[in-house]
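Colleague: quick check, what structure comes out for this input:
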Amino acid sequence: RAVIAIGGDRPTAGCIAANAHALARYAALCHEAGLLPIVEPEVLMTGEHDIDAHETATAAALRAVFAELQSQRVALEGILLKANMVLSGSDCPRQAGIDEVADATLRCLRRCVPAAVPGIVFLSGGQTPLQATAHLNAMNARGPQPWELSFSYGRALQEPVLATWKGDSSNVRAAQERLLLRAVCNRAARSGAYTPAMEQ
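Modeller: Next up, the predicted model:
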């Protein structure tokens, strides 16, 4: 995993190049060992930047990563890309809506990710559970893409579960139900079939 921040003069070209090389080397070593690498260049949503700045930085990171993957002769058919969505910075005064996020993310991916990549799994990256699900759904609702679009969420799946459980064994069943709900909603978002009514 490479973590790339936005702010001031960041990300620098050197930062992007170093992280792209490291990710491609990791992918090549995985293939040598018979493993499928999950290549994760995460451009953080932390900061005051707008969605356009996030799209620019994400595109720069993706272009560099795929150039390095090609240079190191990594077969793109044998990787998964774990990507951030294109979002407004967490402290940006104007937060992009669901459709704007979906359009910007798909535009960025189409410009930067070869169709040979079989699948893209999104990280939640600080989005709320409902935001992460709604954004994934909006992308898949736009019809078939060159790659499968799915999820690889940590916090967006686990936070509601942990908040319900609270370390109390009497809350285990309720916590399990929360996990099942998030799984069902995100499964539906994989095919563009999610609706907010499913949260009830």
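Colleague: distance of the residue of the chain most remote from its centre relative to residue 132?
Modeller: Here the centre of the chain is the reference, and by C-alpha atoms, centre = their mean the most remote residue is residue 170, at 33.7 Å. According to C-beta to C-beta, to the nearest Å, residue 170 stands 29 Å off from residue 132. No exception for glycine: its C-beta is placed from N, CA and C like everyone else's.
Colleague: could you pull out the helices for the chain?
Modeller: Here the chain has its helices, by DSSP state H, at 13-32, 51-71, 98-112, 129-141, 155-165, 172-189.
Colleague: for the spatially most central residue of the chain, give me its contacts.
Modeller: The centre of the chain sits closest to residue 122, judged by C-alpha atoms, centre = their mean, with a distance of 2.6 Å. Applying C-beta atoms under 8 Å, 6 or more residues apart in numbering to residue 122 gives the contacts 82, 83, 84, 85, 132, 135, 136, 149, 150, 151, 152, 153.
Colleague: among these, who's most crowded?
Modeller: Counting neighbours by other C-beta atoms under 10 Å, the top entry in those is residue 136, with 30 neighbours.
Colleague: which pLDDT value goes with that one?
Modeller: With respect to pLDDT, residue 136 has a value of 99.
Colleague: list the contacts of it.
Modeller: Neighbours of residue 136 in contact, by C-beta under 8 Å, 6+ apart: 122, 149, 150, 151, 186, 189, 190, 194.
Colleague: ok, residue 53 next?
Modeller: Taking C-beta under 8 Å, 6+ apart, one finds 6, 89 in contact with residue 53.
Colleague: and if you look at residue 106?
Modeller: 139, 142, 145.
Colleague: now these in CSV, with distance to residue 72, neighbour count and pLDDT?
Modeller: Shown next, in CSV, are these (distance: C-beta to C-beta, whole Å; neighbours: other C-beta atoms under 10 Å; pLDDT from 0 to 100):
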residue, distance to residue 72, neighbour count, pLDDT
139, 29, 23, 99
142, 32, 14, 97
145, 26, 15, 97
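Colleague: ok, now how distant is residue 135 from residue 87?
Modeller: 8 Å.
Colleague: ok, now residue 93?
Modeller: 14 Å.
Colleague: pick out whichever of the two has more residues nearby.
Modeller: A direct count of neighbours by other C-beta under 10 Å for residue 93 and residue 87 places residue 87 higher, at 27 against 8.
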